[in-house]
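In: below: sequence and its predicted model.
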Amino acid sequence: MKGWERLAWALCCILLVSGGAWGAPRYDVVVVGAGAGGCAAAIQGARMGARVALVEESSWIGGQMTGAAVSTMDDQGRNRSGIYRELLDRVREHYARLGRGISTCYWGADTAAFEPRVGQQVLTDLLREAQGSGGSVDLFLRTRPVAAAREGDRLVAVSFLREGLFPLELSGKVFVDATECGDLIPLTGARYRAGNRISPNLDLEANIQDLTQVAVVRRYPEGLPRELRVPADPPGYREALPRFRKVVTRDGNRWPGKYPFDIPSHNAYRGLPDPANPLPVSADVPDTWGNVTKTGINWANDYPANGGEKPGLSVRYLEDRATRREVDRLALLRTLQFLRYFQTELGLEDWSVDRDQGFSGPSASRWESWKVLSPDLAPILESFPPFPYVRESRRILGLLTLTASDIRRDRSTGKALKRFPHAFALGEYPIDIHGSHLDRYLEHDLGEGADTFPKTWVPSEGVFQVPFEVFVPERVDGLVAAEKNLSVSRMVNGAIRLQPIALLTGQAAGALAALAAREGVPPRAVDPLKVQVALWQGRSHLSMDRFDDVPDESPWWPGVEAATLYGWLAPFSDRSFAPLLPLSARQAAGLLAAAGFEAPEAWSAAPSGTWVSREEFSRVLEGGALRGPESVTRGEALREVLRRRTTNP
């Protein structure tokens, strides 16, 4: 830490202890980290009327899917809901206006990709529009947390360093950690997992997943500007060549063959829409892969990439900022080496970094002060994304730790074997750990080891649920986790670290935080059903069951979601819930009992074919809004029960 940083940090601590010499701005919700989960949390919180501060260490919002340029969505199709679906719809509309599609990646139909700058603009628009819902969002860029203050077990304030500005202290009712590495958690005193140990008894040599410094590259058909050519072999280039040649060569195989793959397969893997490209590109049409003119370098350039059976990136990356900067630089060098390979051995002489993404600005690696690199490389490195793709974070020790057995899925049904009534998000990605997954680095205390690690990678075995209990720390109040820092095992981290679910868990964290702030209670004391109702209002799917007759725009959909989560009322069949059928007296009795209400004893013993009127049902609910002698339908009954269950007395 530099001298001025030490001085600023000390000042921050003084301000925290004194309560803030100038008075700390007070918010309902302070979201630390404006990545995918952080942006979603801020949007959701503002939509629910909260005053939100959104604080980001870099100069970009959107995290891994924009600022780290992983803008090909790792999306298997069944969790397109909530804010994630909103983002997809807007991205699709943006490119449709330009006559382009977004299915340009992953060699398949119905995939989704966008340029990082477009993703950031969509998030910016969503944040701005959220303020029309009665809440607000104040954005603080180039600002990182350095200290936190508690009153007893309650987190009350966080102090930040601001690049080039005075230190900042923010007080709030609830804080959300949405940083890429879980950097707020240790400041709060909350226990957390890093690698396979629990703080404070960490093993700094234990392993976490590899990271990747992605780069967005494009073809320059008019000729490559001279300054964008890697002029000579970067340091370590010759040693890196064998790993590059294992992945892609000029005469490689077409996907889905065997390694190495050919150039069109490589470029189509992370292919991005290019408004300037007049040629058609569709990921499910191999003949168009050669038309890709913009893609992401994110395949052969993981760091350190020693393989699953050798030690890899250590926990020091999370715990020590000097190590983090050194690793970020080495990851950047790895990608620069691949770009040299791209331009020379692969013969793509008219390809280089895409300067249109607007990545110029401070970078996490501070490459400009790294004497290893030639100053001639500045025009290239200025267009590298500002930070790498970090796959594994610190993870809070929560009320529950989600393990691989909790997300194991039945391929025949496409659903997890275990169900969680308090589900806050759905995921679909498989367990996918980049780098070391040696037995000694897995979590034996959670029943996970080499013998339980998946032997094959299957794109989708179905959906699983992420419950309320993994968002809340075991002890510290006023703190909520948002995405890669949820209370999960290392294996489960490999399934919840992707952009779609990060947006959905971030949305859930924002709803939980906003409700806790509104009700003046710790997040752990919030009724999970109230959070779920807020998420259903945002069309976020929480149940693993889908019914053809209850789309999410149906007025009955929230009630049906609640019914399947809590077992209030059985569906008519696997594909039909039949919300318009009349509710029998016996069904009404079972529904009310399951939802915590009392029903007339006669209903339970009523003959088959005995129906309950809308007025009778409302009378029993003591405040129901249904009127009339007609039979109450299944959908109406569920809607009323859900309304009454979440109405404060």
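Out: That came through, no problem. Please read these numbers as outputs of a predicted model, since none were measured by experiment.
In: rest of the way, CA atoms for contacts and neighbours
Out: Fine.
In: what strand or helix carries the most centrally placed residue in the chain?
Out: Nearest residue to the geometric centre of the chain (Cα atoms, centre = their mean): A502, 1.1 Å. Using DSSP states H and E, A502 sits within helix 499-519.
In: for that helix, the averaged confidence score.
Out: Mean pLDDT, computed over helix 499-519, is 98.
In: do the same with stretch 551-561
Out: 97.
In: buried set for that stretch?
Out: D552, W556, W557, P558, G559, V560, E561 (16 or more other Cα atoms under 10 Å).
In: is it correct that the first one falls within a helix?
Out: It refers to D552. No. Counting by DSSP: H, G, I helix; E, B strand; the rest coil, D552 falls outside a helix, being coil.
In: and the closest residue to it other than its chain neighbours, how many neighbours does it have?
Out: In space, and not counting its chain neighbours, D552 is closest to R539: 6.5 Å by Cα to Cα, 6 or more residues apart in numbering. If you count neighbours by other Cα atoms under 10 Å, R539 ends up with 19.
In: let me know the pLDDT of R539.
Out: At R539, pLDDT is 97.
In: thought it was touching G82?
Out: Yes. Counting by Cα atoms under 8 Å, G82 is a contact partner of R539 at 4.8 Å.
In: output the longest helix belonging to this protein.
Out: Scanning the chain for the helix with the most residues, using DSSP state H, yields helix 321-343.
In: show the average pLDDT along it.
Out: Helix 321-343 comes out at a mean pLDDT of 98.
In: on contacts alone, who are the packing partners of it?
Out: Here helix 321-343 touches helix 237-247, strand 302-303, helix 316-319, strand 351-353, going by 3 or more Cα pairs under 8 Å, 6 or more residues apart in numbering; DSSP states H and E.
In: if we can go back for a sec, which residues touch the residue nearest to D552?
Out: For R539, the contact set (Cα atoms under 8 Å, 6 or more residues apart in numbering) comprises S81, G82, D552, E553.
In: low-confidence ranges, the chain, go.
Out: 1-24, 648-649 (pLDDT under 70).
In: now do the domain split for it, please.
Out: 3-75+111-203+392-537, 211-381, 557-645 (automatic domain parsing).
In: the longest helix of the chain: which residues count as buried?
Out: Buried, per 16+ other Cα under 10 Å, within helix 321-343: 324-343.
In: who touches stretch 72-91?
Out: 40, 65, 102, 105, 111-114, 118-119, 122-123, 270-272, 426-429, 459-460, 462-463, 498-501, 503-504, 507, 535, 538-541.
In: so of those, which ones are in helices?
Out: Per DSSP H, the contacts of stretch 72-91 map to helices at A40, V118, G119, V122, L123, Q499, P500, I501, L503, L504, Q507, L535.
In: between which two of these is the distance greatest?
Out: V118 and L535 (25.3 Å; Cα to Cα).
In: more neighbours: which of those two?
Out: Each of V118 and L535 has its neighbours counted (other Cα under 10 Å); L535 has more, 25 against 17.
In: stretch 583-601: end-to-end distance?
Out: 16 Å (Cα to Cα, to the nearest Å).
In: distance between that stretch and the chain's centre?
Out: In terms of Cα atoms, centre = their mean, to the nearest Å, the centre of stretch 583-601 is found 39 Å from the chain centre.
In: and for stretch 129-145?
Out: 18 Å.
In: ends of that stretch, how far apart?
Out: By Cα to Cα, one end of stretch 129-145 lies 27 Å from the other end.
In: and if you look at stretch 396-404?
Out: Using Cα to Cα, the two ends of stretch 396-404 sit 17 Å apart.
In: neighbours around T647, how many?
Out: 9.
In: what ranges does the stretch 51-200 of the chain have for its helices?
Out: Applying DSSP state H, counting those that start in this stretch to the stretch 51-200 of the chain gives helices spanning 82-97, 116-130, 185-188.
In: and those helices: which comes nearest T633?
Out: helix 82-97 (27.3 Å).
In: for the closest one, the distance to its chain's centre please.
Out: Distance, centroid of helix 82-97 to centroid of chain: 17 Å (Cα atoms, centre = their mean).
In: before we move on, the earlier item: deepest in the core, which of the helices and strands packed on helix 321-343 is it.
Out: Counting by mean count of other Cα atoms under 10 Å, strand 351-353 has the highest mean neighbour count of these, with a mean of 24.
In: helices or strands next to it in the packing?
Out: Looks like strand 351-353 contacts strand 215-219, helix 321-343 (3+ Cα pairs under 8 Å, 6+ apart).
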